[in-house]
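[1] sequence-free structure coming up:
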DNA sequence: GTTTTTTATATGTCTAGTCATATACTTGTG
DNA sequence: CACAAGTATATGACTAGACATATAAAAAAC
């Protein structure tokens, strides 16, 4: 449901095409909070249209393909407002990297270290991207009002502090592994562990 | 692919049933890293069996239903090891709550505050759960060797510091909103925003 | 004494999301 | 001049995951 309402939220700031939503909104503006697949943006727009939450008109262009410009309807605006007031459950943690780490007892210390260092690089790269985004702030879907910007800034800060925390955590782990992990217990001969 | 390999990882510590995997491994031990749907555990076990990564035998019980006990094969163990060494991409952020916040400009300060306070409660509850998990540590699928425990502990610490950071961030936001957010720009009369 | 919980496996259906590919014209790069 | 990249929409096919439901019997709770 998030994609649906995120699209309504963007369209509420100004009418635009599926292409704009994908490139300007999801890739540029909120790529650090939510990514959207192009195919799904168009399919979701179709569904929103069926539900009467958005309306579209075709705008012809010279040279370039026709644009199908979507506009939020009164009904769509009502739905958006209702969703904004609706409490959202915390999204459950779902981190393949941590799963891998927790199961990595059979790897040697140096291999665990390599795993952690790759993770560190990843988080660092993410942090750099976020810092760049904060510096030359993308024009959030043509609606830069001060209130939106303040909220947008909060989400940037959230993402950045999460990345920083992750980096610190990885560094701690690297240090711990550097001092040596406890050895693995000898493997059970075969089957009978039950 | 994570569920597949997580299951292989657990079976590597000892043979067990789908039920055990769901309740003892995913719900209890690594619920803070990865949740698994019961239906999907069984279907994934089926697929692993087709691929020759696990083997199963039926064990009859009095009173209770038959158990289908799964054991990892040599091929499965090889696959697990290969996966453990395989670099994993950082999972992209995907946070409905932040999306909601970033689009919430049309809400009043008190409504944004309510949203943030619910989030705070959620993160606090998560942190409490994690602390409890650290205190009476679940017996990680019958294979408590020191190396596994050290790695498991790292993942607990990761989850806890993430939760703590989130709480701090929410508190900052609450304070900021308490001092008043900038007002929203007057809404465009209708269509013509392009 | 009835209901709920626990143990145990399995299928059907649905949604969300991913990946690939098709079309078509323009502009910029090598 | 050829090729890649940008603009723009759309469908087909697939995977992962969520939710509901079925069966079945014992044990525990009310």
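    All right, it came through fine. Computed from a predicted structure; not experimentally measured. Numbers count the residues shown, from 1 in each chain, chains lettered A, B, ... in the order given.

[2] so which bits of chain A are right by DNA strand C?
    A:1-4, A:35-40, A:63-65 (CB under 7 Å from any atom of the strand). (C-beta placed from N, C-alpha, C; glycine too.)

[3] which of those are buried?
    A:2, A:3, A:4, A:36 (16 or more other CB atoms under 10 Å in any protein chain shown).

[4] so what's the residue nearest to residue A:60 when sequence neighbours are not counted up against?
    Nearest residue to residue A:60 in three dimensions, chain neighbours excluded: residue A:66, at 5.4 Å (CB to CB, 6 or more residues apart in numbering or on different chains). Residues in contact with residue A:66 (CB atoms under 8 Å, 6 or more residues apart in numbering or on different chains) are A:58, A:59, A:60.

[5] of those residues, closest to residue A:132?
    Within the contacts of residue A:66, the smallest distance to residue A:132 is 32.8 Å, found for residue A:59 (CB to CB).

[6] re the thing from before, quick check: which of the residues of chain A next to DNA strand C are also close to DNA strand D?
    A:38, A:39, A:64, A:65.

[7] does the second one lie in a helix or a strand, and which?
    Just to be clear, that refers to residue A:39. Applying DSSP states H and E as the criterion places residue A:39 in helix A:38-50.

[8] helices and strands around the next helix-or-strand element following that helix, which ones?
    Scanning forward in sequence from helix A:38-50 by DSSP H and E, the next helix or strand is strand A:54-59. Judged by 3 or more CB pairs under 8 Å, 6 or more residues apart in numbering or on different chains; DSSP states H and E, strand A:54-59 is in contact with helix A:2-11, helix A:38-50, strand A:67-72.

[9] for the first one, packing partners?
    Right, helix A:2-11. For helix A:2-11, the packing partners by 3+ CB pairs under 8 Å, 6+ apart are helix A:38-50, strand A:54-59, strand A:67-72, helix A:74-85, helix B:96-102.

[10] now do the buried residues in the second one.
    Okay, so that is strand A:54-59. Buried residues in strand A:54-59 (16+ other CB under 10 Å): A:54, A:55, A:56.

[11] tell me the pLDDT of residue A:144.
    pLDDT recorded at residue A:144 is 69.

[12] equivalent analysis for residue A:164, please.
    pLDDT for residue A:164: 98.

[13] what number of residues lie near it?
    Using other CB atoms under 10 Å in any protein chain shown, residue A:164 has 15 other residues around it.

[14] now do the one 4 residues further on
    Neighbour count of residue A:168, defined by other CB under 10 Å: 13.

[15] what's the helix or strand containing it packed up against?
    Using DSSP H and E, residue A:168 maps to helix A:146-178. Applying 3+ CB pairs under 8 Å, 6+ apart, we find helix A:146-178 packed against helix A:109-135, helix B:96-102, helix B:146-178.

[16] pick out the residue of chain A closest to DNA strand C.
    At 2.7 Å from DNA strand C, residue A:63 is the closest residue in chain A, using CB to the nearest atom of the strand.

[17] quick check: that residue vs chain B, distance?
    Residue A:63 is 19 Å from chain B, where distance means CB to the nearest CB, to the nearest Å.

[18] where in chain A is pLDDT low?
    A:138-144, A:187-194 (pLDDT under 70).

[19] what's the spacing between stretch A:109-127 and its chain's center?
    Offset of stretch A:109-127 from its chain centre (CA atoms, centre = their mean, to the nearest Å): 20 Å.

[20] check which residues of it are buried.
    A:112, A:113, A:115, A:116, A:118, A:119, A:120, A:122, A:123, A:126, A:127.

[21] number of nearby residues for the residue found closest to the fifth one once you drop the neighbours it is linked to in the chain?
    By that I understand residue A:118. Nearest residue to residue A:118 in three dimensions, chain neighbours excluded: residue B:87, at 5.2 Å (CB to CB, 6+ apart). Neighbourhood size, residue B:87 [other CB under 10 Å]: 11.

[22] cool, and residue A:69?
    Count around residue A:69 with other CB under 10 Å applied: 18.

[23] stretch A:19-37 and chain B, any residue contact?
    Yes: using CB under 8 Å from any CB of the partner chain, stretch A:19-37 reaches chain B at A:30, A:32, A:33, A:34, A:35.

[24] who touches that stretch?
    A:2-3, A:6-7, A:10-11, A:16, A:38, A:41, A:45, A:67, A:70, A:126, A:129-130, A:133, A:138-141, A:152, A:155-156, A:159, B:92-96, B:98-99, B:102.

[25] could I have the buried ones of the residues you listed as ChimeraX selection syntax?
    A single ChimeraX command selects the buried members of the contacts of stretch A:19-37 (16+ other CB under 10 Å):
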select /A:2,3,6,7,10,11,16,41,45,67,70,126,130,133,140,141,152,155,156,159 /B:93,95,96,98,99,102
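
[26] get me the contact residues on chain A for DNA strand D.
    Residues of chain A lying near DNA strand D by CB under 7 Å from any atom of the strand: A:17-20, A:23, A:38-39, A:42-43, A:45-46, A:61, A:64-69, A:92, A:94.

[27] could you report the distance from residue A:14 to residue B:185?
    Residue A:14 sits at a distance of 12 Å from residue B:185 (criterion: CB to CB, to the nearest Å).

[28] neighbour count: those two, which is higher?
    residue A:14 (17 against 14).

[29] name the helix or strand for that one, please.
    Residue A:14 belongs to no helix or strand, assigned by DSSP H and E.

[30] next, it: phi, psi?
    phi 160, psi 140 (degrees, to the nearest 10).

[31] what of residue A:12?
    Dihedral angles (degrees, to the nearest 10) for residue A:12: phi -70, psi -20.

[32] show me the beta-bridge partners of the residue lying closest to it once chain neighbours are set aside.
    Of all residues beyond its chain neighbours, the one nearest residue A:12 is residue A:72 (5.3 Å), with distances taken as CB to CB, 6+ apart. Applying DSSP bridges to residue A:72 gives these bridge partners: residue A:54.

[33] ok, residue A:72 - how many residues close by?
    Residue A:72: 23 neighbours (other CB under 10 Å).
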